[in-house]
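> Predicted model follows, preceded by the sequence.
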Amino acid sequence: IPFFTQGSRQACCSIKELDVFDRAREIKVDPDKPLEGVRLAALQARKTLLVPTPRLRTGLFNRIVPPSGATKEILRICATSQGIKEYSVPIGLDGKAQVDLVVVGSVAVSEKGWRIGKGEGYADMEYAMMVSMGAVQADTPVITIVHDCQVVDIAEELLDDHDLTVDYILTPTRTIKTNCKRPKPQGIIWHKVSYEMLEKIPILKSLRHREKQAGKEVALQDEHSDLANANTPAVLNEKAKAENTRPQAAMGSAQIGQHYVESDSLSPRLEGSGMITTVYVGNIPPSVRVSELKCALREFHATPLRLNWQGAQHRAFLDYKDKATAESAVSSLKGLSLGGNTLRVELAKNQRNKG
């Protein structure tokens, strides 16, 4: 996002004159350099400040928590990229965020409220994820801070239904209320999400799993392409029939259906190999059944050789063929939520220093 030295402070400070800022208690502000002044204004006004994690790699939000009795200088540090790292607390899917105001950066924006970002779609995805989480409502205002030269005419043909629009544009010389009528994203449009994006954004996997459990359509871009290639209804029916009748054990000898046990010792196939690496899964709610965890493991492509379920202790242990596979599973399952709890997923203690 372009950073402009001339007038950046004035543009950011003008947000304090808006009623939507005055009324807001919880504000989400992107981590871009041009928005540093907005983050500072939010902290100085003692509002809850949420900042998205860079590229959504480790979650969705970080809540900035200044130290008790923070001076103006400390608050300034908290508003910087370094401060975001040092004074933040991650907020998971179960953090129950209620965002009253959204502030995003832009490459260009029109007076109609149509916005163009860097082209990677993270601001659009962040907003869609907040909708899915219930963190924003249809009338939650969206503001962007730009230089005057970034306010341009944008052809509507350039916009897609997942693109975020803005309600206010703040520049060094103007405050523009767009009165934009174009609807904002209503949630994640799963058929536009690729497997590659799903792998890059762990929290997206958790949201998809949650929405699938709620009965929503969550087929990905790649899956839609597969369906499009199935030209005849007969082919579709055969695929559906095969999918519905395939037993778990048919997934192969390395899948959990065949090797699943409650809490027995390692199966003979696994004993003595010296390669097995175990992953610990904790914070499992009492209401969650082993079948739900197994379903999530398949969904996240993290199926182990064996699952050792210890529901009474609210935990499970997953055995993988080697450390690399186990670490990949930990990464895939990071942020997974079941039964209202975000699960704790990590290499088992006796595995962390191996290899």
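Noted; the coordinates are in hand.
> Wait, L343 touches V279, no?
No. Taking contacts as Cβ atoms under 8 Å, L343 lies outside contact range of V279: 10.9 Å. Where you see a C-beta, it was placed from the backbone N, CA and C, and this is true even at glycine.
> joint contacts of the two?
Between them, L343 and V279 share these contacting residues under Cβ atoms under 8 Å, 6 or more residues apart in numbering: L333.
> And the pLDDT for V51?
On pLDDT, V51 comes in at 93.
> cool, T173 as well?
pLDDT, T173: 95.
> Am I right that it sits in a strand?
No. Counting by DSSP: H, G, I helix; E, B strand; the rest coil, T173 is located in no strand; its state is coil.
> Enumerate every residue touching the nearest residue to it once chain neighbours are set aside.
Closest residue in space to T173, ignoring its immediate chain neighbours: D148 at 5.8 Å, by Cβ to Cβ, 6 or more residues apart in numbering. Applying Cβ under 8 Å, 6+ apart to D148 gives the contacts 7, 171-174.
> if you set the cut-off to 10 Å instead, what comes out?
Residues in contact with D148, defined by Cβ atoms under 10 Å, 6 or more residues apart in numbering, are 4, 6-7, 11, 169, 171-174.
> What subset of those is buried?
Buried residues within the contacts of D148, defined by neighbour count using 16 or more other Cβ atoms under 10 Å: 4, 11, 169, 171-172.
> what two of these are the furthest from one another?
Longest distance between any two of those is 14.0 Å, between F4 and I169; criterion Cβ to Cβ.
> For these two, list the residues in contact with both.
Counting by Cβ under 10 Å, 6+ apart, the contacts common to F4 and I169 are 11, 145-146, 148, 150.
> Among those residues, which lie within helices?
In this view, these that belong to helices under DSSP state H are A11.
> Mind picking the two most distant members of the shared contacts of F4 and I169?
Between any two of those (Cβ to Cβ), the greatest distance is 11.5 Å, for I145 and D148.
> Could you find the closest non-adjacent residue to L207?
Of all residues not flanking L207 in the chain, S132 sits nearest, at 5.4 Å (Cβ to Cβ, 6+ apart).
> tell me which element that neighbour falls in.
In this structure, S132 sits in helix 122-133 according to DSSP states H and E.
> Show me what the mean pLDDT comes to for that helix.
Regarding helix 122-133, the rounded mean pLDDT is 85.
> Now find how far off-centre it is within its chain.
Relative to the centre of its chain, helix 122-133 is centred 8 Å away, using Cα atoms, centre = their mean, to the nearest Å.
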